[in-house]
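>>> Structure here, sequence nowhere to be found:
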């Protein structure tokens, strides 16, 4: 099962089924090639994006097993704490592989992104709709800034893995990564106004000009998206599945804004099925700018979905590869970038509801109201393999006299079934509580379960969150906003 | 002298004199602030660039000592092979610190880069010369692509340090880093024609349209600039001093093209000295495009000079920090980027003459004609501390029968005093030769010397090369080219 490597036992990699390559590779190549063949499709770049995303997923799936031992040799390795026998090392920071493939993909995608401009230049005629005659250098600047932000986030995440930066020090790190994208937002003279919900307008007016504060908000957005995924971690497949479902949800939201005049190409028959209405359908209501923004979001998110899917194959229970902080930084920054350049940061945050819940729940521990051990992941029962909520007094005992505020917070959380208190029967004082994470809450509410099942519960919560988000965005928002606001 | 760190002895860092901070910090801050004060200077961004470059140098100088132990702890450490007692570990890959400071500097410089555009936007009037009313988004795209290429090179260099990629595998790595800058060159519809020297025109015509081959040439340029610095390595201060002098030379070349209507601000007196002629002086002959290109080159090279100077302080004999491949990748890519966006790649290569010489000299060993040991750096005599040329038969003995070509090559090189052969007196066959590097040649020609003196010799060679380059560029080129060609 394990093979030796310079003295270290390395976990055996998961075998990749050849059928995956045989079935997905032709599809992805066809999608890429189809975009280059005339008659041109209305949105050829979107088809290529889908193709390169599948290709990126295949590449990630196939390169992780051979690269794993190199990571272990370089000291990037970890033991799986939730397995009864954990003598074998699992390659750590494999998010770096995902990041490398992802960033190479989106860089090599640049010619496709501007294929319309190139075609227009060559053919000297304008395609219907999106293409202009001039090279869209502004679009290139935005795209390059996005790539730059993602690359900085990757580098910082990897540095975090290598140098093991302390929790408090690394909170502001994603801010650095957001600088390029904010610079371009500024250069674009991006909007910094916020439209107030109708009930609040009597107090604040219809529009608030936030100005520099809006940049602060966007910078903090990257900090939030990055760290919120990073603190909801610890069980196999946990980080990557959050990123995967959020990316899918944002993609679905983007698709709603497309013009929907898709020609579905039928390979080798030469026939095209036209689905949907005319250009100008969809939620974009004919706004080319909105379509462009959501297309850009799709070009950045589809490859992310690809690499996340490929990595999830190896990170699924029992994990053969760990993401490291690199994956959290990469995915977190990707969401922030997409939210900023797509101008839909509020909608984006709706898809982070489980993370927001987890963050708020964690606050008493993060900010010192309740003792916080180094690891807050659930405990495993080595006999039954069931996970149980972990206790907050693991590293140090609870202080004798908890402050009144701490006691109040813990009692409220306990009443809401978000934590379970251990009370000294003689003195009546709180001696411990379960750690304040959504994973422990899922174990408290639905009972102990095995690791892969807990990951599934978390995925279910994330999907429910997304459904709720769509309900709020397209249902409730109509009640407090006029027109189509995001 | 050394302090313990998790079991490893770490070399004591070099103490930074406080006078450095006290003298340079006010100058750099004044230069940055001056650019923001009215009356505006003609090229305010150049003054800010000088200011931030000095600041970057100060930061690098001050942060390397406290960061060193973290590198050793993360396994990024090396022993100094040319020191008699080398029990202490020297932090390795400190080029990462240089790269981080450098890239942060050029990203945070973006607002200064466009300060003219911002000022023009606010004041609604056009400055004389370079500033336009519209935001120069194309310039931003070029700059972002440059940053992206540099960041990719840094990441790849660091990965090389971490994973210790094999020599043959890492040759093409810089190609990846050059993709963004080539994409933008393409988007800009950059020139791909080469002007022939006059004597060759009868065969090839005046201009050759290289087309895609020109992109190949530019991609290979990055490979060359990166690897040629990387293989001229091994003694303290060697890599960084090459980069430092090449950067200074290119900077000097850039300055020749500036409009030279500098106002020298006199701090606190409020007076401005005007030096030089009207706008349009200098070698640019009034071409705004040429001035813009060389300004961009300056904005990228001045901070590089700053961080190289800061790092050299710690890398100088006896080295307290090693550059790692990261520094070679960063500096090599910086030169390639500057050559590409500034459209002066041929002039750039002139400043690489010592590296080209070293590369050509190394070819027989690199391509297997002559045995090549793992390390080709000179040997140290532990008693006298003098360096002597190292022998090529260190790792494995010479093959019994060297091919005729190998013997011919070695005899020619020996005749030119570029190597010293060891010949078996009975059979007359070559049993060894000194390794084919410029460092060994310098020891052969000028005799054994101490390590810091060899570094000085190399610096002298590099400076002579640059003087020769200026002679060729502005003297000889006039004989074979008409007009002002680069």
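Received the coordinates, thanks. Everything numeric here is computed off the predicted structure, so don't read it as measured data.
>>> Number of residues surrounding residue A:139?
Burial of residue A:139 is recorded as 19 neighbouring residues (other Cβ atoms under 10 Å in any protein chain shown). Every C-beta, even on glycine, is put in place using the N, C-alpha and C of the backbone.
>>> Would you mind giving the orientation angle of the helix or strand containing it with respect to helix B:137-163?
For residue A:139, the host element (DSSP states H and E) is helix A:137-163. Helix A:137-163 runs at 20 degrees relative to helix B:137-163, counting by axes from the mean of the first three to the mean of the last three Cα atoms, to 10 degrees.
>>> Does the helix or strand where residue A:52 lies reach chain B?
Residue A:52 belongs to helix A:44-73 when assigned by DSSP H and E. Yes: applying Cβ under 8 Å from any Cβ of the partner chain, one finds helix A:44-73 touching chain B at A:70, A:73.
>>> Can you point out the buried residues in that helix?
Within helix A:44-73, the residues that count as buried by 16 or more other Cβ atoms under 10 Å in any protein chain shown are A:44-61, A:64-65, A:67-69, A:71-73.
>>> and the helix holding residue A:139 with chain B, contact?
Yes: under the criterion of Cβ under 8 Å from any Cβ, helix A:137-163 makes contact with chain B via A:137-138, A:140-141, A:144-145, A:147-148, A:151-152, A:154-155, A:158-159, A:162-163.
>>> ok, which stretches of the stretch 101-250 of chain A are helices?
A:110-113, A:115-123, A:137-163, A:167-170, A:173-177, A:179-187, A:201-204, A:212-231, A:238-255 (DSSP state H, counting those that start in this stretch).
>>> for the record, mean pLDDT for the third one?
Regarding helix A:137-163, the rounded mean pLDDT is 90.
>>> Any buried residues in that helix, and which?
Neighbour counts over helix A:137-163 (16+ other Cβ under 10 Å) mark A:137-162 as buried.
>>> quick one: residue A:372 and residue A:390 touch, right?
No: in this structure residue A:372 lies outside contact range of residue A:390 using Cβ atoms under 8 Å: 11.4 Å.
>>> and residue B:250, which of the helices of the stretch 101-250 of chain A is closest to it?
Taking Cβ to Cβ, helix A:137-163 is the member of those nearest to residue B:250, at 23.8 Å.
>>> how close does the spatially most central residue of chain A get to chain B?
By Cα atoms, centre = their mean, the mean C-alpha position of chain A lies nearest to residue A:243, the distance being 3.0 Å. Residue A:243 sits 21 Å away from chain B when distances are taken as Cβ to the nearest Cβ, to the nearest Å.
>>> quick check: domain ranges of chain A?
Chain A resolves into domains spanning A:2-122+A:135-345, A:379-449 when parsed by automatic domain parsing.
>>> Would you tell me which one of those is buried the most?
The highest mean neighbour count among the domains of chain A, using mean count of other Cβ atoms under 10 Å in any protein chain shown, belongs to domain A:2-122+A:135-345: a mean of 20.
>>> what's the least confident stretch among the domains of chain A?
Mean pLDDT per stretch puts domain A:2-122+A:135-345 lowest among the domains of chain A, at a mean of 84.
>>> how much distance is there from it to the middle of the chain?
7 Å (Cα atoms, centre = their mean, to the nearest Å).
>>> which non-adjacent residue is nearest residue A:57?
Closest residue in space to residue A:57, ignoring its immediate chain neighbours: residue A:306 at 3.5 Å, by Cβ to Cβ, 6 or more residues apart in numbering or on different chains.
>>> Please, which helix or strand holds that neighbour?
In this assignment (DSSP H and E), residue A:306 forms part of helix A:288-315.
>>> and the helix or strand just after that helix with helix A:44-73, angle?
Counting by DSSP H and E, the next helix or strand C-terminal to helix A:288-315 is helix A:324-341. Taking the same axes, to 10 degrees, helix A:324-341 and helix A:44-73 form an angle of 160 degrees between their directions.
>>> any residue of helix A:324-341 up close to chain B?
No: if you take Cβ under 8 Å from any Cβ as the test, helix A:324-341 misses chain B, and the best it gets is 11.0 Å.
>>> That helix packs against which elements?
In this structure, helix A:324-341 packs against helix A:95-108, helix A:137-163, helix A:173-177, helix A:179-187, helix A:212-231, helix A:238-255, helix A:288-315, helix A:345-350, with contacts taken as 3 or more Cβ pairs under 8 Å, 6 or more residues apart in numbering or on different chains; DSSP states H and E.
>>> before we move on, back to that, check which helices and strands the helix holding residue A:306 sits against.
helix A:44-73, helix A:95-108, helix A:137-163, helix A:238-255, helix A:324-341.
>>> what's the closest of the ones you listed to residue B:321?
Among those, helix A:137-163 comes nearest to residue B:321, with 15.7 Å by Cβ to Cβ.
>>> what is the orientation angle of that closest one with helix A:95-108?
Going by the same axes, to 10 degrees, helix A:137-163 makes 170 degrees with helix A:95-108.
>>> could you check the angle helix A:212-231 makes with helix A:137-163?
Counting by the same axes, to 10 degrees, helix A:137-163 lies at 40 degrees to helix A:212-231.
>>> Nearest residue to the residue in the stretch 351-486 of chain A that chain B sits nearest to in space, please, no chain neighbours.
Closest to chain B within the stretch 351-486 of chain A is residue A:374: 18.1 Å, counting by Cβ to the nearest Cβ. Among residues not flanking residue A:374 along the chain, residue A:395 sits closest, at 6.0 Å (Cβ to Cβ, 6+ apart).
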